[in-house]
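K.L.:
when you get a sec, could you give me coordinates for this:
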Amino acid sequence: MRKRTLPVRPLRIAAATAAALSLTAVAACGGTGGGSSSADSVTVYSADGLGDWFTTQFKAFEDETGISVDYVEGGSGEVVSRADKEKSNPQMDVLVTLPPFIQQADEKGLIGDTRPAGIDALPAEAKADDGHYVTLADNYFTMIRGTRVSPEPTSWDDLLAPRFAQRIQYSTPGQAGDGTALMLLVQHLYGEQGGLDYLTRLQANNVGPSASTGKLGPKVGTGELSVANSDVQMALAAIKNDKAAYETFIPTGPHGERVTLSLPYAMAEAADAPHGANAQKLIDFLMSVDVQKTLADDAFGVSARTDVHATGSNADAITAAVDGAQIWQPDWNDVNERFDALVEAYGKATGQ
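P.N.:
Alright, predicted model coming up:
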């Protein structure tokens, strides 16, 4: 399997070695090429968060099919932006990203018909109306706080306290899926203008922009930051696998309510996939019952398939992370239509 992070540089790793390496630790070799030209390969562009699970599953896929996976990882918006820039010379076969960036990719014509085997086991909300993407893994927004932070912040208003000056960071709305989710959730809680006012006040404590949510967790774990945004899947996986010294929390809103939002990893076949047949095989593999059953145990993900029901300690941890919170389902198509205006208003309000 070959792994890349943006900016992309070619890298080939022996399958036996790849499974033991984390994506963020892989060093790149020279060159700037895109996807593989090999007939026995498939190129995946993905938002960060599922890297360790992908490493295991891509190796299993290669063992089963002989098809190697060329993996490119970046922020939710970064991977879509890269695919768009390559539109005249497509490199991507499969896209995995968060809303509203999957809707953006669809609007830009980057993705096409995506019908995995067993698609009838997916509920309507896990399939795009136009058939261009499906939910690979369900997930939810969360905040994280260092285990040594005392007293613990529990509300959105707590994060405005002077003691958190330059101790908070969140991924940038418009670039990262989790950061966009934070902006939308705050506006949902405080009202559209009230949310912008809140984020303007939060700037006194915010370290600054970050295109990737995955880069923030380690900073909270080491104590460089006190609080950051994340998502349940990414955070719980890091807490268990990396012994990250932080915990998840869903802050209470202005009226004492705890609200999170659904933030699924969506998967699609590229509209002009250079290796379309291989892309279909990989999508079928990742959406199969056997592989979907591994989501909770191996990645703290939630399968959208109605015939997969997770049990065990990881499934319990996912439930506990959102226990007592309302799960808000944004209208992602509406968000996508208003995306530029929302991000522009955010930028003007925060200067970021």
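K.L.:
and M183, what does it touch?
P.N.:
For M183, the contact set (CB atoms under 8 Å, 6 or more residues apart in numbering) comprises P173, G195, L199, L342, Y346. The way it works is simple: take the backbone N, C-alpha and C, and place the C-beta from them, glycine included.
K.L.:
of those, which is the most crowded?
P.N.:
Among the contacts of M183, the one with the most neighbours (other CB atoms under 10 Å) is P173, at 25 neighbours.
K.L.:
pLDDT value on A18, please?
P.N.:
Looking at A18, its pLDDT is 35.
K.L.:
give me the distance from stretch 340-352 to the chain's centre.
P.N.:
22 Å (CA atoms, centre = their mean, to the nearest Å).
K.L.:
name the surrounding residues that touch it.
P.N.:
Stretch 340-352 has contacts (CB under 8 Å, 6+ apart) with 172-174, 183-184, 196-197, 199-200, 203, 206, 208-209, 335.
K.L.:
can you give me the helices for the stretch 1-150 of the chain?
P.N.:
15-18, 51-65, 76-85, 101-107 (DSSP state H, counting those that start in this stretch).
K.L.:
the ones you listed: which one's closest to P153?
P.N.:
Nearest to P153 among the helices of the stretch 1-150 of the chain is helix 76-85 (25.5 Å), distances taken as CB to CB.
K.L.:
list the buried residues in stretch 91-108.
P.N.:
Across stretch 91-108, burial judged by 16 or more other CB atoms under 10 Å covers 91-106.
K.L.:
now it: how far from the chain's centre is it?
P.N.:
Using CA atoms, centre = their mean, the distance from the centre of stretch 91-108 to the centre of the chain it belongs to is 12 Å.
K.L.:
now the end-to-end length of it.
P.N.:
Chord length of stretch 91-108, first to last residue, is 16 Å (CA to CA, to the nearest Å).
K.L.:
average model confidence for that stretch?
P.N.:
Stretch 91-108 shows a mean pLDDT of 97.
K.L.:
kindly report the same for stretch 333-340.
P.N.:
95.
K.L.:
one more: stretch 202-211?
P.N.:
For stretch 202-211, mean pLDDT rounds to 95.
K.L.:
and stretch 234-248, by the same measure?
P.N.:
Per-residue pLDDT values across stretch 234-248 average out to 96.
K.L.:
picking that back up, so which of the helices of the stretch 1-150 of the chain is nearest W156?
P.N.:
Taking CB to CB, helix 76-85 is the member of these nearest to W156, at 22.5 Å.
K.L.:
touching that closest one from outside, list them.
P.N.:
Taking CB under 8 Å, 6+ apart as the rule, helix 76-85 contacts 6, 8, 45-47, 72-74, 90-92, 95, 97-98, 101-102, 104-105, 108, 110, 174-178, 180, 211-212, 270.
K.L.:
before we move on, the earlier item: pick out the most distant pair among the contacts of M183.
P.N.:
L199 and L342 (11.7 Å).
K.L.:
list the residues that contact T135.
P.N.:
Per CB under 8 Å, 6+ apart, neighbours of T135: L122, E125, A126, K127, P264, Y265, A266, M267, A304.
K.L.:
what subset of those is buried?
P.N.:
L122, A126, K127, P264, Y265, A266, M267, A304.
K.L.:
which one among the contacts of M183 gets closest to A161?
P.N.:
The closest of those, once distances to A161 are taken by CB to CB, is L199, at 15.6 Å.
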